[in-house]
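Student: Got a sequence here, can you model it:
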Amino acid sequence: MTDLPDPSRRPLPLADAHQPSWNRSSMTCLYRCANACAHPVPNQSENEYFGDIVDQVVSRRGVLKASAVGALVAGAGVAGALPAAAAPAAPAAPAAPAAAHAAGRRPDTSGSALTFPAVPPNQLDTVVVANGYDWAVVIRWGDPVLPDAPRFDFERQTPYAQARQFGYNNDFLGFLPLGGSGDRGLLWSNHEYTNEELMFPGFTSQDALTVDQVRVAMLAHGGSVVEIERVGDTGQWRLVTRGHRHRNRRITPMTPMRFTGGAAGSALLRTNADPTGRRVLGMLNNCAGGVTPWGTILTGEENFNQYFVGGDAVPAADKPALARYGITTTARYPSGSRKWERADRRFDLAVEPHEANRFGYIVEIDPYDPASTPRKHTALGRFKHEGANIKVAKDGRVAAYMGDDERFDYIYKFVSSRKMRRGRSRVDREWNKRLLEDGTLYVAKFTGDSPPAQIDGTGRLPSDGAFDGSGRWIPLTDGRTSFVPGFTVAQCLVHARLAADAVGATKMDRPEDIEPNPVNGRIYCALTNNTSRVATTPVPPSGRVAGVDEANPRADNRNGHILEIAEAGGDAAATTFAWALPILCGDPADPSTYFAGFDKTKVSPISCPDNVAFDRAGNLWIATDGNALRPAGENVERNYNDGLFAVPLEGPERGHLKQFATVPRGAETCGPLISDDQRTAFIAVQHPGEETGATVETPASTWPDGDAARPAVVSIWRIASGSKRIGA
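Tutor: Okay, here's the model as predicted:
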């Protein structure tokens, strides 16, 4: 449907002590990140900024000549401000069947136009999709995953049941095919965090939860593998409920895992329960991820800090590193604590001071083998990972691109030491499953090409017509040698944030999902927002620690932007790159917004880009997290529901961003996933009804079943006559 009522408008709420973020409920602030915005920014480093490097500022043309990107040529006009990369090499055939979200997908260059009618912003308590499309729930919180799972019952939740049922707050989605028909496959979903008010009837406080309820919440984290099948000849999918479903699996904070890479076995990872520093139980707060060309899942641990107490009791030498990761070291029970230590003492740092060092990694999981042991890859560094996505370099090595989702934190890249094998045998796949255990970890430094005075915090384009420039990947360690003075290899990996501080990486506006485009070969990153950035740079430690620069050009950046990276020569192993900002999000009527030069009167409003995906034509699909908008000059917010958006990146439609779907009240749009045949868009509807004061008994949303809200995965497909392809 498209003729929706105009959304209501209301005065901006007064900020309170626990909710400095203007477009978040207090429940979101508490459970998503333990009120991170109410605490000082963890990054108090004094890295240099573009405004401090006047002698490096030359003309745009001069920067391109001097930036070791000789294989790049200037794009035409403002819409093509990023120099065009050399044509990417033909992608390698994956060692496992082709998988959506995986590098190696065969591109479709038949056209990039998106013909669906845009969905108007709305506040409806349902999923709304473009005219000509339909949607259905694939799986929801509490649905059975394992054959012995009991039926979900709000009043009778148990740890036994939750360990066998679909977890809470589904986030990243990955799909891996089964057989050659394309009609059956494995769906992976992360389970990021829990909303206890919306889970347990009669909830009053975390302290009032029973130990069994704490364990239910623990076991609702992690991830799920479920077998799904196509419904007839449509783009709709459903759970496979008959047969053995022998690949279905739940992974939780209690699942045994092992460490790999240069920090495995180091003293920083050793605990009383694991004196070897090589074994760990479970994963926490998994946000985004990726699917590898060899058919495994990469899932990123993000806001793990909120699960630990006792930071005041750790040795003094350990406190700076803990604080850099947002762990309170001045009080036993920090604000927002989940109280998990009541159920498992390892979450009390007074008992296990190194336990927190064992979370914050990229975890690799083989969904085809439910008996396999997940691996935490220390070689990819420890930080608040949004996810990781793979691109194959020209010489056959693989690069993993990663964002650290915190205000003023960094963008990273890992390049493997060994080359990917292109065969499809079991031996080749086992070889490829070890590629992320050994290689070089880099952090990004961005340099703008405009005079600093033209980057004034307003979002006004500089005189060359684009926010763009050059950059380099600074090596931290190759797993054998540390390239950071004063740091060991293990410290570079376990304390990657501190190592990146030391080499002067560029502080970014919450870098979240980063993925390679299968058609144009460039890398795209969602920078969600950063209301702490200012127009000038005060001296740390002020809590507002960075001014604007050309890669982060807006002060009080409420709406976020999209970053586009072109590696030198189109090679994922390159150590230099060109970059540009094709999209500055917000209300199109706001002069600080920019949509690759496209006519803004035809563009949908968008705020807080979070996850990204691509279809086979190379169009960018963006899921939002906090799609509240304040038009320029108005002291009101339009608190729209989050949604899924799509935008062409090439041709005359470049920058024509349109909203494809919206999710219910209080929900975030996660996933997203465009199937390899482009007949289905999967989204994860996370935390419906996550609004201040909501409970099971008094829900702010009753989606999807008309009673209490439950997170769920949705498939969207085309029902109009003609093409069955999503977006066309």
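Student: quick one: the strands in the stretch 401-550 of the chain?
Tutor: Using DSSP state E, counting those that start in this stretch, the strands of the stretch 401-550 of the chain run over residues 407-409, 411-419, 439-448, 468-477, 508-509, 511-516, 523-527.
Student: partners of the fifth one, with directions?
Tutor: Using DSSP bridges, the neighbouring strands of strand 508-509 in the sheet come out as strand 407-409 (antiparallel).
Student: show me where pLDDT drops low in the stretch 101-250 of the chain?
Tutor: For the stretch 101-250 of the chain, the stretches flagged by pLDDT under 70 are 101-112, 244.
Student: let's see it at 90
Tutor: For the stretch 101-250 of the chain, the stretches with pLDDT under 90 are 101-113, 179-182, 241-246.
Student: With distance to Gly282, mean pLDDT and mean neighbour count added, can I get the strands of the stretch 401-550 of the chain in TSV?
Tutor: Heads up, the C-betas are built off the backbone N, CA and C, glycines and all. Output for the strands of the stretch 401-550 of the chain, formatted as TSV (distance: least, Cβ to Cβ, whole Å; pLDDT from 0 to 100; neighbours: other Cβ atoms under 10 Å):
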stretch	distance to Gly282	mean pLDDT	mean neighbour count
strand 407-409	24	95	24
strand 411-419	23	98	22
strand 439-448	24	98	25
strand 468-477	26	98	24
strand 508-509	29	97	26
strand 511-516	23	97	26
strand 523-527	27	98	26
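Student: Could you point out which of these sits nearest His495?
Tutor: Closest approach to His495 among the strands of the stretch 401-550 of the chain is made by strand 468-477 (10.2 Å; Cβ to Cβ).
Student: what's the angle from that closest one to strand 439-448?
Tutor: 150 degrees (axes from the mean of the first three to the mean of the last three Cα atoms, to 10 degrees).
Student: then strand 468-477 to CSV, C-alphas only?
Tutor: What follows is strand 468-477 as a C-alpha-only set of coordinates in CSV (Å, rounded to 0.1, in the frame of the first residue of the first chain):
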residue,chain,number,x,y,z
ASP,A,468,36.1,12.7,-1.1
GLY,A,469,39.9,12.0,-0.9
SER,A,470,42.4,9.3,-0.5
GLY,A,471,43.3,6.9,2.3
ARG,A,472,45.7,4.2,3.4
TRP,A,473,45.5,1.0,5.4
ILE,A,474,47.9,1.1,8.3
PRO,A,475,49.2,-2.3,9.4
LEU,A,476,48.9,-3.3,13.0
THR,A,477,50.2,-6.9,13.0
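Student: What is that strand packed up against?
Tutor: With contacts defined as 3 or more Cβ pairs under 8 Å, 6 or more residues apart in numbering; DSSP states H and E, strand 468-477 has these neighbours: helix 60-66, strand 439-448, helix 489-494, helix 496-502, strand 576-584.
Student: and the angle from it to strand 411-419?
Tutor: 60 degrees.
Student: How far off centre is strand 468-477?
Tutor: The chain centre lies 21 Å from the centre of strand 468-477; the measure is Cα atoms, centre = their mean, to the nearest Å.
Student: now swap in stretch 246-264 and tell me
Tutor: With Cα atoms, centre = their mean as the basis, the mean position of stretch 246-264 lies at 20 Å from the chain mean.
Student: CA atoms only for that stretch - export them in CSV, please.
Tutor: Written as CSV, here are the backbone C-alpha positions of stretch 246-264 (Å, rounded to 0.1, in the frame of the first residue of the first chain):
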residue,chain,number,x,y,z
HIS,A,246,19.3,-32.5,10.8
ARG,A,247,21.2,-29.3,10.1
ASN,A,248,19.1,-27.1,12.4
ARG,A,249,21.2,-25.7,15.3
ARG,A,250,21.1,-23.2,18.2
ILE,A,251,24.3,-21.5,19.2
THR,A,252,24.3,-19.7,22.6
PRO,A,253,26.6,-18.1,25.1
MET,A,254,27.2,-21.7,26.4
THR,A,255,28.3,-23.2,23.1
PRO,A,256,32.0,-24.4,23.2
MET,A,257,34.2,-22.5,20.8
ARG,A,258,37.9,-22.2,20.2
PHE,A,259,40.3,-19.3,19.5
THR,A,260,42.5,-19.1,16.4
GLY,A,261,45.2,-16.7,15.3
GLY,A,262,48.1,-14.8,16.9
ALA,A,263,46.4,-14.2,20.3
ALA,A,264,45.2,-17.7,20.9
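Student: can you pull the buried residues of that stretch?
Tutor: 247-255, 257, 259-264 (16 or more other Cβ atoms under 10 Å).
Student: Can you name the two of those residues that sit furthest apart?
Tutor: Asn248 and Gly262, at 34.0 Å, using Cβ to Cβ across those.
Student: Go ahead and report the secondary structure state at Gln213.
Tutor: Assigned with DSSP: H, G, I helix; E, B strand; the rest coil, Gln213 falls in the helix class.
Student: Contacts only, for it.
Tutor: With contact taken as Cβ atoms under 8 Å, 6 or more residues apart in numbering, Gln213 is in contact with Gln157, Glu196, Phe200.
Student: Could you rerun that using 6 Å?
Tutor: For Gln213, the contact set (Cβ atoms under 6 Å, 6 or more residues apart in numbering) comprises Phe200.
Student: Surely Leu186 forms part of a strand?
Tutor: Yes. According to three-state DSSP, Leu186 belongs to a strand.
Student: what bridges to Pro609?
Tutor: Beta-bridge partners, per DSSP bridges, of Pro609: Thr624.
Student: just Tyr401 next, same as before
Tutor: Assessed by DSSP bridges, Tyr401 has beta-bridge partners Asn389, Lys413.
Student: how near is it to Thr260?
Tutor: Distance, Tyr401 to Thr260, using Cβ to Cβ, to the nearest Å: 19 Å.
Student: now swap in Ile297 and tell me
Tutor: Taking Cβ to Cβ, one finds Ile297 at 15 Å from Thr260.
Student: One more: Gly202?
Tutor: Distance from Gly202 to Thr260, by Cβ to Cβ: 44 Å.
Student: Tell me if I am right that Ala356 is in a helix.
Tutor: Yes. Judged by three-state DSSP, Ala356 forms part of a helix.
Student: and stretch 712-720, how far out from the chain's middle?
Tutor: Distance, stretch centre to chain centre, for stretch 712-720: 22 Å (Cα atoms, centre = their mean).
Student: do stretch 467-483 as well
Tutor: For stretch 467-483, the separation from the chain centroid amounts to 21 Å (computed by Cα atoms, centre = their mean).
Student: Report the separation between the two terminal residues of that stretch.
Tutor: Taking Cα to Cα, to the nearest Å, stretch 467-483 runs 31 Å from one end to the other.
Student: try stretch 370-386
Tutor: 24 Å.
Student: Show the contacting residues for Ser701.
Tutor: Ser701 is in contact with Asp125, Pro664, Arg665, Gly666, Pro688, Gly689, Ala709, counting by Cβ under 6 Å, 6+ apart.
Student: what about 8 Å?
Tutor: Asp125, Pro664, Arg665, Gly666, Ala667, Pro688, Gly689, Glu691, Ala694, Ala709.
Student: Check Val415 too.
Tutor: Neighbouring residues of Val415 by Cβ under 8 Å, 6+ apart: Ala393, Arg397, Val398, Ala399, Gly439, Thr440, Tyr442, Ala572, Ala573.
Student: Skipping its backbone neighbours, what lies nearest the fourth one in space?
Tutor: By that I understand Ala399. Ala572 (3.8 Å; Cβ to Cβ, 6 or more residues apart in numbering).
Student: Could you do the second one as well?
Tutor: Here the nearest residue to Arg397 in space, its sequence neighbours aside, is Ser416; by Cβ to Cβ, 6+ apart that works out to 4.8 Å.
Student: Go ahead and confirm that neighbour touches Asn432.
Tutor: No. The pair formed by Ser416 and Asn432 falls short of the contact definition of Cβ atoms under 8 Å, at 9.6 Å.
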